[in-house]
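S.K.: sequence-free structure coming up:
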Ligand code: GLC
C-alpha cells in the first residue's frame with residue numbers, strides 16, 4: 001500500500017511539470033476556466049444545517065468551506081436559494097432577489113460568496129425562469145384580471161374558447177398542464193406543477209425583467225448560471241394539437257421551440273457577454289444540431305449544455321455498458337471540433353450514482369464508487385459531480401410513502417392510486433429511482449442525525465450514515481473521499497484529461513470501458529471494469545511501460561485483466 005502511495009505521489013508531482021508543457025499547446029482562446037472546472041453540485045437543503053431547524057442553510061455551507069476546498073473542486077453549482085414556498089424545493093421562485101427564509105439572509109449569501117472566492121471556488125447559480133412560483137408577485141397580478149399589465153407574463157387561455165389543446169404536465173396529479181382559474185375564467189399553463197406557472201418569453205417586458213435579475217446577481221460577483229429547464233421556455237403559441245402519445249416524447253414536442261435561440265442571443269448580448277459569467281443549459285434538445293446551436297462559441301448563446309442520454313440509461317435491474325459507451329462516444333465525437341459538453345452521471349433529479357451505475361452492496365460499494373468517479377474525472381467535457389458521491393453515499397430506498405417528500409413523486413402516487421394500479425410496484429420503483437434518494441442529508445459523521453442537524457431533519461437520513469460519513473473517511477487514505485481528492489488533483493494538473501482527444505478501445509467489450517486521452521505528446525489510458533467479477537480486455541498495445549497515475553486497488557492488474565470494478569489510469573510512454 002505504502003509503495004503504491006509513493007508511486008502515486010511521484011506520478012502526481014510529475015504531472016505538475018507536465019501541466020505547463022501541455023497547457024502551452026492549447027490555444028488561449030480554446031482554454032476556458034469553465035472547461036477546466038470541476039463543478040460540485042451542492043443541494044443546500046441537505047448539506048449542513050446551522051440553526052437546528054432541520055433544513056440545510058447558507059451559514060451551514062459557509063461553515064464547511066474548508067471541507068469543500070479540500071475536495072479540489074473549483075466551482076459550485078448551488079441549487080436554487082431564492083425565496084420560495086418550496087412546492088418543488090426552490091424550483092418555484094416567489095422572489096428572485098431575496099434568499100429563501102429557510103436558507104438565511106442576503107448577508108449570509110454575501111459572506112458565503114466571499115468565502116468561496118477567497119478559497120478560489122467559483123459560484124454557479126441556478127436560474128429558474130421557464131416558470132416562477134404561483135406566489136410570485138407577477139403571477140398574483142397576472143391572475144387578478146384579464147387587463148392587468150402582468151397578464152402577459154404568463155400563458156393564459158380564455159375558457160369561452162373551449163378547452164385548450166392538451167399539454168402534458170410532468171408534475172401535475174392528472175398530468176394536465178392547463179389549470180382552470182375561475183377568477184378570470186381562464187386556464188394557465190404549467191409544464192411542471194400547478195404551483196409553477198410557465199412564464200411567457202414572447203413578452204419583451206418579461207425578458208427584460210429576467211435580464212435585470214441576472215444583472216443583479218452578476219453584479220454581486222457570481223460566476224455563472226445554470227439555466228433550469230430552459231429548453232422549454234419558448235413555446236409554439238399557435239398551440240397546435242399533438243399526435244396521440246406525444247407526451248412519451250416530451251422533449252421532442254416541447255424543447256427548442258419558437259424563438260428560443262433569439263432569446264438566448266438577446267440574453268447573451270444583454271447580460272452574459274457583459275459579465276465574466278459562464279452559462280450552462282439543462283438539456284441539449286433533440287439532436288446534436290440542437291446542442292451545437294446552443295453552445296457553439298460563434299453563435300453567442302450559451303457555453304455548455306448537458307444531455308440526458310447517458311444519465312437516463314441506468315434502470316432498475318441493470319443497464320448495458322455497451323449502451324453507455326456508445327452514448328458517451330457518440331456525444332464526444334459530435335463535439336470533438338466545436339462546442340462543449342458536460343460530463344455527469346448524477347444530480348439532484350436522479351437517484352445515487354453508486355446505486356444506479358455501480359454496486360452499492362458490500363464489498364463493491366467503495367470500489368465501484370471510485371471507478372465511476374474515475375470515469376467522470378477522465379472524460380472530455382466539464383466535470384459535474386454531485387455532493388455526497390465523493391463518499392459513495394447510496395440510495396436510501398424508502399419503503400413507505402410517508403418517508404417521501406418529493407412533490408412529483410407524491411403526486412404520481414395519488415395519480416396511480418386513482419388508477420388502482422399496484423402501489424407496491426410503484427414503491428419498489430420509487431425506492432430505486434426517486435429523487436429523494438439523492439436528497440437525503442449529507443453524512444458528516446456518526447453522531448445523531450449524521451452531524452447534519454441538531455434538530456429533526458426535513459428528510460430522513462440514510463440509515464447507513466454510521467458507516468458512510470466524512471469523519472470516518474477522512475482518516476482512511478483509501479476511502480472514496482481521499483480517492484476523490486487525489487483524482488481531482490490529477491485532473492486539475494493534467495490538461496490532457498480536460499482537452500485531450502478521446503478514443504475508445506475494445507469497443508464491443510460488454511464489461512470493460514477502455515479509452516485513451518491524447519494531447520500533443522501526452523497519451524493516457526483509462527481502464528474501467530464495470531463488473532463485480534474479473535474481466536478481460538484487449539487493446540492494441542502493452543501497458544507495461546506506462547506509469548500508473550491512479551488505481552482504486554493498491555496496485556494495477558496485469559496486462560489484459562482487471563479485478564472487480566478496477567479503475568486504472570496510465571500515462572503511456574510514446
Ligand atoms: C429541473 C430541475 C428539477 C425541477 C424542474 C422544475 O429539471 O432540475 O429539480 O424540479 O426543473 O423546475
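M.R.: Sure thing, it's come through. The shown structure was predicted, so the numbers you read here are calculated from the model rather than taken from an experiment.

S.K.: residues near residue 317, how many?
M.R.: Counted with other Cβ atoms under 10 Å, residues neighbouring residue 317 total 6. For glycine as for every other residue, the C-beta is placed from the backbone atoms N, C-alpha and C.

S.K.: for residue 46, what are its contacts?
M.R.: 56, 439, 440, 441, 442, 452, 458, 459 (Cβ atoms under 8 Å, 6 or more residues apart in numbering).

S.K.: What is the burial count for the last one?
M.R.: Looking back up the chat, that one is residue 459. 21.

S.K.: Also residue 253?
M.R.: Number of residues near residue 253 (other Cβ under 10 Å) recorded here: 17.

S.K.: quick revisit: switch the contacts of residue 46 over to CSV; also include distance to residue 227.
M.R.: Formatted as CSV, those follow (distance: Cβ to Cβ, whole Å):
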residue, distance to residue 227
56, 23
439, 21
440, 27
441, 27
442, 26
452, 29
458, 27
459, 26
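
S.K.: between those residues, which is closest to residue 38?
M.R.: Of all those, residue 442 has the smallest distance to residue 38: 18.3 Å, by Cβ to Cβ.

S.K.: Now that closest one. Nearest residue, chain neighbours left out?
M.R.: Excluding its sequence neighbours, the residue lying closest to residue 442 (Cβ to Cβ, 6 or more residues apart in numbering) is residue 47, at 5.1 Å.

S.K.: Which pLDDT value does the model give that neighbour?
M.R.: With respect to pLDDT, residue 47 scores 99.

S.K.: Pull the number of nearby residues for it.
M.R.: Counted with other Cβ under 10 Å, residues neighbouring residue 47 total 23.

S.K.: pretty sure it contacts residue 387?
M.R.: Yes - between residue 47 and residue 387 a contact is recorded at 6.4 Å, counting by Cβ atoms under 8 Å.

S.K.: Nearest to the ligand within the stretch 451-574 of the chain, name that residue for me.
M.R.: residue 459 (14.5 Å; Cβ to the nearest ligand atom).

S.K.: before we move on, what about the chain?
M.R.: Closest point on the chain to the ligand, by Cβ to the nearest ligand atom, is residue 91, at 3.3 Å.

S.K.: Quick check: phi and psi on that residue?
M.R.: Backbone torsions of residue 91, given as degrees, to the nearest 10, read phi -80, psi 20.

S.K.: ok, now which ones touch it?
M.R.: So residue 91 contacts 80, 84, 126, 128, 192, 196, 228 (Cβ under 8 Å, 6+ apart).

S.K.: So which bits of stretch 559-574 are buried?
M.R.: Buried residues in stretch 559-574, counted by 16 or more other Cβ atoms under 10 Å: 562, 563, 564, 565, 566, 567, 568, 569, 570, 571, 572.

S.K.: before we move on, what about stretch 61-70?
M.R.: Buried residues in stretch 61-70 (16+ other Cβ under 10 Å): 61, 62, 64, 65, 68, 69.

S.K.: The most centrally placed residue in the chain: what secondary structure?
M.R.: Of all residues in the chain, the one closest to the mean position by Cα atoms, centre = their mean is residue 347, 4.0 Å from it. Under DSSP: H, G, I helix; E, B strand; the rest coil, the three-state class of residue 347 is coil.

S.K.: pLDDT at it, what is it?
M.R.: 98.

S.K.: Give the full set of residues in contact with the spatially closest residue to it that is not a sequence neighbour.
M.R.: Distances taken as Cβ to Cβ, 6+ apart place residue 386 nearest to residue 347, at 5.3 Å, with adjacent residues excluded. Contact analysis of residue 386 by Cβ under 8 Å, 6+ apart lists 40, 41, 43, 344, 346, 347, 348, 353, 438.

S.K.: if I read this right, residue 366 contacts residue 476, doesn't it?
M.R.: No - taking contacts as Cβ under 8 Å, residue 366 lies outside contact range of residue 476: 9.6 Å.

S.K.: Can you pick out the residue with more neighbours from those two?
M.R.: Set residue 366 next to residue 476 and count neighbours by other Cβ under 10 Å: residue 366 wins out with 24 against 12.
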